[in-house]
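Participant: structure for this input, please:
(one chain, ligands or ions: 1)
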Amino acid sequence: MPRPTLPRFHEIRRAALIVGLAALAYALAGWASLKIAGYVAGVVAAVWLAAGIGAVASLRFGVAGVAGVLLGALAVYSRVMPAEGAAFLSLGAAAGAAITGYLPRHLPPFSATLDYVSSVAKFTLVAAPLGCAVSAMAGVASLHYLGILDGDAALRALWVWWLGDLLGVYLIAPLLLTASRWDLLPTHKAARLEALVLVLGMLLLTRVMMEYAEPLRPAEIVLFVLLPTVLWAALRFSVTGASVAIFLAALIVLGVSLVSFGGLTAATTARDVFALQVSMVTMALGGLFVSAALTERRYSEMRLDMLANHDPLTGLPNRSYFQDFLGHALARAQREKLQVSLLFIDLDRFKHINDSQGHEVGDQVLRVVAGRLDEQLRADDFVARLGGDEFAVVLMHPTTSRAASRVARKLLKAVGESFKVAQRRYAIGASIGISVYPDDGTDANTLLRQADLAMYQAKQRRSGFEYFSDELNTVAQQQMTLESGLRQAFERKELALAYQPKVDLASGRVVGLEALARWLPRSGGIIWPDQFVPVAEETGLIVPLGRWVLRAACEQWIAWRDAGLNPPPVAVNLSPRQFTDARLIEDIEAILQETGMDAGQLQLEVTESAAMENPARTFDMLDALRQRGLHIYIDDFGTGHSNLGQLKRMPIDALKIDKSFVNDVLRDGDDAEIVNAIIRLAHALNLRVVAEGVETQEQAAFLKQGGCDEIQGYVIAKPLPPDQASALFARQFAPGELEGVPPELE
Ligand SMILES: Nc1nc2c(ncn2[C@@H]2O[C@H](COP(=O)(O)O[C@H]3[C@@H](O)[C@H](n4cnc5c(=O)[nH]c(N)nc54)O[C@@H]3COP(=O)(O)O)[C@@H](O)[C@H]2O)c(=O)[nH]1
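Facilitator: Modelled structure (predicted):
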């Protein structure tokens, strides 16, 4: 069982302060009420403002507030009656306040700022009537018991007391409770003028109607003059405006009665007082309910607006809001001769975190980044989430060269700082592309495209941020031409495969073929995969391209087999994007089935970096492929960041040493060491090892001596068209007699 702890000093100090302030406010309001509206026996007021103070004190501060009410009531009542009576009345007041404050808090949902109709109803129609009834009954019973009120007078006083307390709650509590929602008030000049006219109108009309022609009674003034103005305020100035208007209207009617008749009770009958109380209750309820209904509607409009214009995950403006904002910013920049810098921000390796740690962590990362971007910017800068891991910032500034650089550096630094999510520390980088109005474009879409291109450049160069330049546009144009050409290349049958043999160093036999894509446009010439594979990767065309390559390689192998040529296994390259395609296995199975290809004769080459991107996923994928009989080669080995522990568990068959090491193996001692180390590592893991990019007899000899199993490279042959490749199937390359076969395609 937890041990009870003593309250700390600052808690005691706070409670004492609340008790003191609540007592003071209650006492002052009580004293003023008796002065303005003291009615029955000098104790019962027609409007008991102190009840409003009590309700708020209890609602906001609980027990401390109620204790303040008790003390404040004692201070008021002990001035007008004996101590015993004052004590009874004060206890009644405190009990009433406790009920009025306690009930709504325990009838959730309740908004203490009275901006929902249900909250107003709970407070004004349930809690306040009950609380006021308790204090009125306790008070009147005490006065009767003390002999101050006889039976008849007590019954009449009960009504006056209850309505007086209720009015006090309706006039004061909304004013104090809604004070924190000043933001709902319109702030423009016309609205202020309208409010002033309204207040002056209330004053003037009340005075005129009460004193001239056929003077109206106070209750009639409330219903015919003040109620409409309160409703006006409720319609125009939200709950806060309505609360102020209700309070002012009460002050005006009480004040004018005081000035005109020398006080509420002096020139009015009991019926008049009753009518005034009821009319004021009607006015207050009307104002509160109308304003709450309108505010509630405004909130739902704001919510809809928020949903339409903001990203629900980060709370930042979304793409559509961003486009609107940028459009307005550009129009303003044109008028005021300003510059606009657009920063396009893309997170580095976010996909990796999302894939490996799950979407919840990914979402959390996006929230952290959004918060950091927002924190770094000034109030008049603008940041939005465009979608995924892309954000955009709009800065407006006087014409200066490279004005956004400082902000870009600041944002990169802020985003790059590590942070903790679900007990783990993460660090994420970002790349930023910047375009500037009017230099790089004059419309939102162009600027966004240019900033995107610059971001891509920053990503490739790992430079953090880059400005847009015309050269980037040229490159983008070329890529677009390549993209549309590649789309047509499928239909026009312009794609072909070249096959490069792999030779077993021990036997000199061709033991494998690597299928490499070629694009032979009808217009002539050849487009190399170095040019079109990256474009296909970016545009997603790599998936259909990869499928085409797989199918074409399988069909060719079957054609060779059917021609009795005894083809060796054929390998195809899987790009990183293809490798993450959820349908890859399904596609491969379908191709194997449709072409009749033997799965054991198909090899897949996956680059080391793609394989290590998400080891857990890679593991499952490779395992599934191997179970179907395929063989897996890790391509370009040595260039990625292999984790040896993971490599050991990875379901693979061979490593291919990257040609960059092979290239300098005879000149560079380090490369020679690396090549030998990879060969030893592969054998230690029971994997075959293939050296790619072998161009000379000497390199081949070095590799053979080091224990390498297979070689591939120009020393044997460049990638060849199918008929030339098949001519090598039966050939045996004797050691020292390796010679390049002249290619037909290249
Ligand atoms: N996802 C896919 N990627 C593909 C496909 N087809 C090719 N590619 C990739 O494109 C890159 C360039 O390929 P390519 O121009 O065909 O170059 C290959 C060989 O011609 C070249 N090579 C082979 N031997 C030598 C050599 O002795 N010297 C030398 N300078 N170059 C040589 O190497 C390329 C094969 O490399 P690798 O795949 O790493 O074994 C390239 O990255 C291809 O992978 C495709 O269908 N899908």
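Participant: the residue sitting nearest the centre point of the chain: which element?
Facilitator: Residue closest to the mean C-alpha point of the chain, counted by C-alpha atoms, centre = their mean, is T314 at 1.2 Å. Using DSSP states H and E, T314 maps to neither a helix nor a strand.
Participant: M306 versus the nearest residue to it once chain neighbours are set aside, what's the distance?
Facilitator: Among residues not flanking T314 along the chain, A370 sits closest, at 3.6 Å (C-beta to C-beta, 6 or more residues apart in numbering). C-beta coordinates here come from the backbone N, C-alpha and C atoms, glycine included. To M306, A370 is 15 Å away according to C-beta to C-beta, to the nearest Å.
Participant: tell me which of these two has more neighbours.
Facilitator: Counted by other C-beta atoms under 10 Å, A370 and M306 do not tie: A370 has more neighbours, with 19 against 14.
Participant: residues in contact with the host helix or strand of that one: which ones?
Facilitator: A370 is part of helix 359-376 when elements are defined by DSSP H and E. Outside helix 359-376, the residues that touch it by C-beta atoms under 8 Å, 6 or more residues apart in numbering are 313-316, 345, 347, 350, 353-354, 383, 385, 389, 391, 393, 407, 410-411, 414-415, 417, 419, 421-422, 424, 426, 428, 430.
Participant: quick check: the closest residue to the ligand within the stretch 201-350 of the chain vs G362, distance?
Facilitator: Across the stretch 201-350 of the chain, the shortest distance to the ligand (C-beta to the nearest ligand atom) belongs to R349, at 21.1 Å. Counting by C-beta to C-beta, the gap between R349 and G362 amounts to 11 Å.
Participant: looking at those two, which is more packed in?
Facilitator: Shown here are R349 and G362; by other C-beta under 10 Å, G362 has more neighbours (22 against 13).
Participant: any regions of the stretch 151-300 of the chain where pLDDT drops low?
Facilitator: For the stretch 151-300 of the chain, applying pLDDT under 70 flags the ranges 213, 260-268.
Participant: ranges for the helices of it?
Facilitator: 151-177, 189-211, 218-221, 227-261, 270-309 (DSSP state H, counting those that start in this stretch).
Participant: JSON lines for the ones you listed, including distance to A559?
Facilitator: Shown next, in JSON lines, are those (distance: least, C-beta to C-beta, whole Å):
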{"stretch": "helix 151-177", "distance to A559": "85"}
{"stretch": "helix 189-211", "distance to A559": "83"}
{"stretch": "helix 218-221", "distance to A559": "103"}
{"stretch": "helix 227-261", "distance to A559": "79"}
{"stretch": "helix 270-309", "distance to A559": "58"}
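Participant: and of these, who's closest to R487?
Facilitator: helix 270-309 (34.9 Å; C-beta to C-beta).
Participant: for stretch 361-373, the distance to its chain's centre please.
Facilitator: 7 Å (C-alpha atoms, centre = their mean, to the nearest Å).
Participant: around the ligand, which positions in this protein sit nearby?
Facilitator: The interface of the chain toward the ligand, taken as C-beta under 6 Å from any ligand atom, is made up of 500, 514, 516-517, 528-530, 533, 549, 573, 575, 635-636, 659, 692-695, 713-714, 719.
Participant: which among the residues you listed end up buried?
Facilitator: Taking 16 or more other C-beta atoms under 10 Å as the criterion, what is buried in these is 500, 514, 516-517, 529, 533, 549, 573, 575, 635-636, 659, 692-694, 713-714, 719.
Participant: return the subset of those lying in helices.
Facilitator: With DSSP state H as the criterion, helices contain P529, V533, V549, K659 from among these.
Participant: JSON lines please, covering those residues and showing pLDDT.
Facilitator: Formatted as JSON lines, these follow (pLDDT from 0 to 100):
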{"residue": "P529", "pLDDT": "95"}
{"residue": "V533", "pLDDT": "94"}
{"residue": "V549", "pLDDT": "97"}
{"residue": "K659", "pLDDT": "93"}
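Participant: go through the residues you listed and say which is closest to I591.
Facilitator: Taking C-beta to C-beta as the measure, I591 lies nearest V549 of these, at 10.1 Å.
Participant: what residues does the closest one make contact with?
Facilitator: L497, A515, A517, V572, N573.
Participant: among those, name the ones in strands.
Facilitator: L497, A515, A517, V572, N573 (DSSP state E).
Participant: the one helix or strand A700 maps to packs against which elements?
Facilitator: Using DSSP H and E, A700 maps to helix 697-706. Applying 3 or more C-beta pairs under 8 Å, 6 or more residues apart in numbering; DSSP states H and E, one finds that helix 697-706 contacts helix 669-684.
Participant: so the helix it packs on versus helix 697-706, what angle?
Facilitator: In terms of direction (axes from the mean of the first three to the mean of the last three C-alpha atoms, to 10 degrees), helix 669-684 departs from helix 697-706 by 40 degrees.
Participant: centre of the chain versus helix 669-684, how much separation?
Facilitator: Distance, centroid of helix 669-684 to centroid of chain: 48 Å (C-alpha atoms, centre = their mean).
Participant: now that helix: buried residues?
Facilitator: Neighbour-count burial for helix 669-684, counted by 16+ other C-beta under 10 Å, picks out D671, A672, I674, V675, N676, I678, I679, L681, A682.
Participant: pLDDT added to those residues, as a markdown table?
Facilitator: Shown next, in a markdown table, are these (pLDDT from 0 to 100):
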| residue | pLDDT |
| --- | --- |
| D671 | 92 |
| A672 | 94 |
| I674 | 94 |
| V675 | 95 |
| N676 | 95 |
| I678 | 95 |
| I679 | 96 |
| L681 | 94 |
| A682 | 95 |
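Participant: which residues does V690 bridge with?
Facilitator: K656, E710 (DSSP bridges).
Participant: that one against I716, yeah?
Facilitator: No. Using C-beta atoms under 8 Å, V690 makes no contact with I716, being 11.9 Å away.
Participant: list the contacts for the nearest residue to L703 once chain neighbours are set aside?
Facilitator: Closest residue in space to L703, ignoring its immediate chain neighbours: A691 at 4.9 Å, by C-beta to C-beta, 6+ apart. Residues counted as contacts of A691 (C-beta under 8 Å, 6+ apart) are K656, I657, V662, V675, Q699, L703, C708, E710, I711, Q712, G713.
Participant: what pLDDT does A691 get?
Facilitator: Among the per-residue scores, A691 holds a pLDDT of 97.
Participant: try K351
Facilitator: Turning to K351, the model gives it a pLDDT of 84.
Participant: how far off centre is the helix or strand hosting F661?
Facilitator: Take DSSP H and E as the rule and F661 turns out to sit in helix 659-663. Once both centres are worked out by C-alpha atoms, centre = their mean, helix 659-663 turns out to sit 46 Å from its chain's centre.
Participant: what helices or strands is it leaning on?
Facilitator: The contact analysis (3+ C-beta pairs under 8 Å, 6+ apart) places helix 659-663 against helix 669-684, strand 688-692.
Participant: and the strands in the stretch 401-550 of the chain?
Facilitator: 419-421, 424-426, 429-437, 465-467, 495-504, 510-519 (DSSP state E, counting those that start in this stretch).
Participant: in the third one, what counts as buried?
Facilitator: The neighbour-count check on strand 429-437 (16+ other C-beta under 10 Å) flags A430, S431, I432, G433, I434, S435, V436, Y437 as buried.
Participant: how about the first one, nearest residue that isn't a chain neighbour?
Facilitator: Yep, that's A430 we're talking about. Closest residue to A430 apart from its sequence neighbours, by C-beta to C-beta, 6+ apart: V415 at 4.7 Å.
Participant: hmm, R385 and the residue nearest to the centre of the chain touching each other?
Facilitator: Yes. T314 is within contact range of R385, at 5.2 Å (criterion: C-beta under 8 Å).
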